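>>> sequence plus the predicted model coming up.
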Amino acid sequence: MLLLSVNSGSSTLKFRLYSMPEERVITKGSFERIGSSDSDYTIRVNDEKIYLKKEIKNHEEAVSTLLTELVEKNIVNSLDDIKAVGHRVVHGGVLYSKSVLITKRVIEEIENIKELAPLHNPAAIAGMKAFKKAIPNAKMVACFDTAFHQTIEESNFLYPVPYEWYTKYDIRKYGFHGLSHKYITMRMKDILGYDGNLVICHIGNGASISAIKEGKCIDTSMGFTPNAGIMMGTRCGDIDYSIIGYIMKKENLTYDEVDNILNKKSGLQGIAGMNDLRDIDRAYLAKDNKVILAISMYTERIAEYIAKYFIKLGKIDAIVFTAGGGENDPIIRKEVLDKLKPLGVELDNKLNEETIVRKDKEGIITTNKSSIASYVISTDEELVIAKDTYDLTK
Ligand code: ADP
């Protein structure tokens, strides 16, 4: 059965066409800068990446362009071959603890949640509506980034603010990157042979850490929004909220301006003036003082979360690094794991240097004397969407 796994952002649409259940990727690609005259897209045909420049006005146009390309390039014989479309949805609010078949009601509910994710949910809805119009016979599934974290208990998801804020306005921790944390939990079950206790460090430009107890999420670092928890590429993560009002007065800024700075100009970017870990690593090796400071702050926060989750879990079977940085950055992993020496964690420097997903190597990076094993595993959010979509539509 052929199905599409789709991730619609505010100006992007990423897709993969899968043959299921064998999990074979037939083609993949993305549309960038939708809505601007500068838009373009890529699509893989027979292992060749084709790049095309075309003005794409909106998601509907991206979807019709994609479907036309699939037929014209003989990737599918007819659009009827595409039996289902799975959509990534950033926010499922308190309503969704797993992926669901999309109905009119589900679309309405996701629309209602959009206040909680104003940048992301409207894009997902635009993608859903565009596919519904273009291939009405295909079944559609919504896969939520928040769903995997819905097993977190009230004592861990509540903020110490007036309780009515939760009952009236759903103010609570939601957590994000759930499709990635779910994928790693599944992979680790295969590797360990049982549902283990894990601390998963998803270190991309956005970054989050989750505590998994016997296969279920019991806590995660992101919160009501993704700008919570550890320091990230451009986000500050947890800070003293009073800084916001103080800096608004000092710099005569609006709330939205400060919010923008805390999301886009803080984190590694704020301290070191750069946010991509590849640049950060080069500058670190060249002994740039600001970068050394930024890495120290960044890895301290990751280590603190792991130590905190160690207390919550009692016993950890594996600390797992994933996403762009976690998969490919031995410097960050070393700085984090060396800070966990008091817990008996012992890094194998050679394994750590060699284990780079970009070079096709996953696996353990700690010595066999280490009290806790640490793994590097490549994440695959698209595959989680494909699997859930297949399970709900086969
Ligand atoms: P996001 O979806 O949040 O952008 P990704 O998982 O795609 O995150 O990760 C992107 C980040 O991964 C980059 O900003 C970069 O910091 C890091 N990264 C990617 N490749 C490498 C590499 N070879 N070495 C170090 N860091 C890398």
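Looks like it came in fine.
>>> quick check: longest helix of the chain.
The single longest helix within the chain, with elements called by DSSP state H, is helix 289-313.
>>> how far does that helix sit from its chain's centre?
Offset of helix 289-313 from its chain centre (CA atoms, centre = their mean, to the nearest Å): 19 Å.
>>> pick out the residue closest to the middle of the chain.
Closest residue to the average C-alpha location of the chain: His177 at 3.4 Å, with CA atoms, centre = their mean.
>>> please report the distance of that one from Ile209.
Using CB to CB, to the nearest Å, His177 is found at 9 Å from Ile209. The C-beta positions use only the backbone N, C-alpha and C, and glycine is treated the same way.
>>> cool, Phe31 as well?
31 Å.
>>> count the residues that sit near the residue of the stretch 251-394 of the chain found nearest the ligand.
Closest residue of the stretch 251-394 of the chain to the ligand, CB to the nearest ligand atom: Gly324 (2.1 Å). If you count neighbours by other CB atoms under 10 Å, Gly324 ends up with 20.
>>> begin at 3 from now on, thanks
Sure thing, new numbering starts at 3, so read that last one as Gly326.
>>> returning to that earlier point: next helix or strand past the longest helix of the chain?
Counting by DSSP states H and E, the element after helix 291-315 in chain order, helix or strand, is strand 320-324.
>>> what lines up beside that next one in the sheet?
Applying DSSP bridges, strand 320-324 is found paired with strand 200-205 (parallel), strand 375-378 (parallel).
>>> wait, does the longest one contact the ligand?
By that I understand strand 200-205. No. On the criterion CB under 6 Å from any ligand atom, strand 200-205 is out of touch with the ligand, staying 7.3 Å away.
>>> so for that strand, mean pLDDT?
Mean pLDDT, computed over strand 200-205, is 98.
>>> can you pull the buried residues of that strand?
For strand 200-205, the neighbour count (16 or more other CB atoms under 10 Å) marks 200-205 as buried.
>>> got the angle for it vs helix 291-315?
Angle, strand 200-205 to helix 291-315, by axes from the mean of the first three to the mean of the last three CA atoms, to 10 degrees: 160 degrees.
>>> and the contacts of strand 200-205?
Residues outside strand 200-205 that contact it (CB atoms under 8 Å, 6 or more residues apart in numbering): 179, 182-183, 186-187, 190, 209-214, 279, 304, 307-308, 311-312, 315, 318-328, 331, 334, 338, 381.
>>> send the alpha carbons of that strand over as CSV?
In CSV, the C-alpha atoms belonging to strand 200-205 read as follows (Å, rounded to 0.1, in the frame of the first residue of the first chain):
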residue,chain,number,x,y,z
LEU,A,200,15.4,5.8,29.0
VAL,A,201,16.6,9.4,28.9
ILE,A,202,16.2,10.6,25.4
CYS,A,203,18.1,13.7,24.3
HIS,A,204,16.7,15.1,21.1
ILE,A,205,19.4,17.6,20.2
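>>> name the residues that touch the helix or strand following that strand?
Going down the chain from strand 200-205, the next helix or strand is strand 209-215, by DSSP H and E. In this structure, residues lying in contact with strand 209-215 by CB under 8 Å, 6+ apart are 151, 177-179, 183, 187, 198-204, 219-224, 228, 231-235, 304, 307-308, 311, 314-315, 325, 327.
>>> now do strand 209-215 and helix 291-315, the angle between them.
Between strand 209-215 and helix 291-315, the angle comes out at 20 degrees (the same axes, to 10 degrees).
>>> figure out which of the strands paired with strand 320-324 is closest to Ile137.
Proximity to Ile137, assessed across those by CB to CB, is greatest for strand 200-205 (32.0 Å).
>>> wait, the residue nearest to the centre of the chain sits on Cys219?
No. Judged on CB atoms under 8 Å, His179 makes no contact with Cys219 at a distance of 10.8 Å.
>>> gap between the residue nearest to the centre of the chain and the ligand?
Distance of His179 to the ligand, given as CB to the nearest ligand atom, to the nearest Å: 8 Å.
>>> so what's that residue up against?
His179 makes contacts with 147, 204, 208, 210, 212, 224, 325, as judged by CB under 8 Å, 6+ apart.
>>> for the first one, give me its contacts.
Taking CB under 8 Å, 6+ apart as the definition of contact, the neighbours of Asp147 are 90-94, 178-181.
>>> in this protein, which spans are strands?
Under the criterion DSSP state E, strands of the chain are mapped to 4-10, 15-21, 26-34, 42-47, 50-55, 84-91, 102-103, 141-146, 200-205, 209-215, 218-222, 320-324, 365-366, 375-378.
>>> the fifth one versus strand 26-34: what angle between them?
Interaxial angle of strand 50-55 relative to strand 26-34 (the same axes, to 10 degrees): 20 degrees.
>>> and strand 50-55, what does it pack onto?
strand 42-47 (3 or more CB pairs under 8 Å, 6 or more residues apart in numbering; DSSP states H and E).
>>> try the fourth one
Taking 3+ CB pairs under 8 Å, 6+ apart as the contact definition, the neighbouring helices and strands of strand 42-47 are strand 26-34, strand 50-55, helix 61-74.
>>> for the ligand, which of the ones you listed is the nearest?
Comparing the helices and strands packed on strand 42-47 by CB to the nearest ligand atom, strand 26-34 comes nearest, at 12.2 Å.
>>> so which other helices or strands are in contact with the closest one?
Using 3+ CB pairs under 8 Å, 6+ apart: strand 26-34 touches strand 15-21, strand 42-47, helix 61-74.
>>> name the residues of the stretch 203-352 of the chain found near the ligand, please.
Residues of the stretch 203-352 of the chain lying near the ligand (CB under 6 Å from any ligand atom): 206-208, 235, 278-280, 283, 325-327, 330-331.
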